[in-house]
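Student: Sequence first, predicted model second:
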Amino acid sequence: DQQVKQNSPSLRVQEGRISILNCDYTNSMFDYFLWYKKYPAEGPTFLISISSIKDKNEDGRFTVFLNKSAKHLSLHIVPSQPGDSAVYFCAASGWGAQKLVFGQGTRLTINP
Amino acid sequence: EAQVTQNPRYLITVTGKKLTVTCSQNMNHEYMSWYRQDPGLGLRQIYYSMNVEVTDKGDVPEGYKVSRKEKRNFPLILESPSPNQTSLYFCASKGTSGRYTDTQYFGPGTRLTVL
């Protein structure tokens, strides 16, 4: 039972354009959402998060949008840069639980 | 430098030969956790620990053991590894506020192959 789903295994975007990564969740008890970025041979690193009391959180080129009614969140990267090429994991937590539930990941490739 | 370290980074072993993957953090974090990453499944939690001598099962604990005798260390033990435990393993630790929204920091990963 995959509670957090990233339905696009891969995404290719031209440098300078917008990258949009999507994530859906099924558990309505989730109230905190995160995006992690992972380069090959490294562990995931925290990128940005959003609480369910918000619908948008911005940090530089990265913006996360949350649509609670649709149980959907997205990560926007503008403008995309070659260094953004990585695997991006969506994760969720909630109801005081200490663990994170991860999606399958999306491999983003930025073409120069 | 604040970090989570894992050893070894790469390991090839044979079925049934006991092994331990070590994890250590230098951030004085109370919470530590082990995940495995498999294609198409993302990261799944194996075990976690809220503090010294306090451990609990995650989503996929079968075939694994852990211990937490010191705050900084959280080893993962495979008593009798099997090929279905071939995976990429990550250790993580989390801030000391106790809030579940604290950021988790991940180690570099251990790639395990069981033949």
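Tutor: Sure thing, it's come through. It should be emphasised that the depicted structure is a prediction, and the values quoted were computed from it without experimental measurement.

Student: need the contact list for the nearest residue to A:Asp1 once chain neighbours are set aside.
Tutor: Spatial nearest neighbour of A:Asp1, excluding adjacent residues (Cβ to Cβ, 6 or more residues apart in numbering or on different chains): A:Thr26 at 8.0 Å. Yep, even glycine has a C-beta here, placed from its N, CA and C like the rest. Neighbour list for A:Thr26: A:Asp1, A:Gln2, A:Gln3, A:Val4, A:Lys5, A:Lys71 [criterion: Cβ atoms under 8 Å, 6 or more residues apart in numbering or on different chains].

Student: Just give me the least confident of those.
Tutor: Least confident by pLDDT among the contacts of A:Thr26: that is A:Asp1, with 72.

Student: which residues does residue 90 contact?
Tutor: I'll assume chain A. A:Val4, A:Gln6, A:Leu21, A:Cys23, A:Phe33, A:Leu34, A:Trp35, A:Leu73, A:Leu75, A:Phe102, A:Gly103.

Student: actually chain B
Tutor: A:Gly43, A:Pro44, B:Gln6, B:Trp34, B:Tyr35, B:Arg36, B:Gln37, B:Leu43, B:Phe106, B:Gly107, B:Gly109, B:Thr110.

Student: The stretch of helix or strand A:Phe65 belongs to pairs with which strands, parallel or anti?
Tutor: Taking DSSP states H and E as the criterion, A:Phe65 maps to strand A:62-67. Using DSSP bridges, strand A:62-67 pairs in its sheet with strand A:56-59 (antiparallel), strand A:72-77 (antiparallel).

Student: Contacts for the longest one, please.
Tutor: So the one you mean is strand A:72-77. A:18-25, A:33, A:35, A:47-48, A:50, A:61-67, A:84, A:88, A:90, A:108.

Student: repeat that with 7 Å
Tutor: A:18-24, A:33, A:35, A:50, A:61-66, A:84, A:88, A:90 (Cβ atoms under 7 Å, 6 or more residues apart in numbering or on different chains).

Student: before we move on, what about stretch A:34-45?
Tutor: A:46-49, A:64, A:75, A:86-91, B:90, B:106-109.

Student: which of the residues you listed count as buried?
Tutor: A:47-49, A:64, A:75, A:86-91, B:90, B:106-107, B:109 (16 or more other Cβ atoms under 10 Å in any protein chain shown).

Student: mind checking how far whichever residue of chain B sits closest to chain A is from B:Pro8?
Tutor: Taking Cβ to the nearest Cβ as the measure, the point where chain B comes nearest chain A is B:Phe106, at 3.3 Å. For B:Phe106, the distance to B:Pro8 equals 17 Å [Cβ to Cβ, to the nearest Å].
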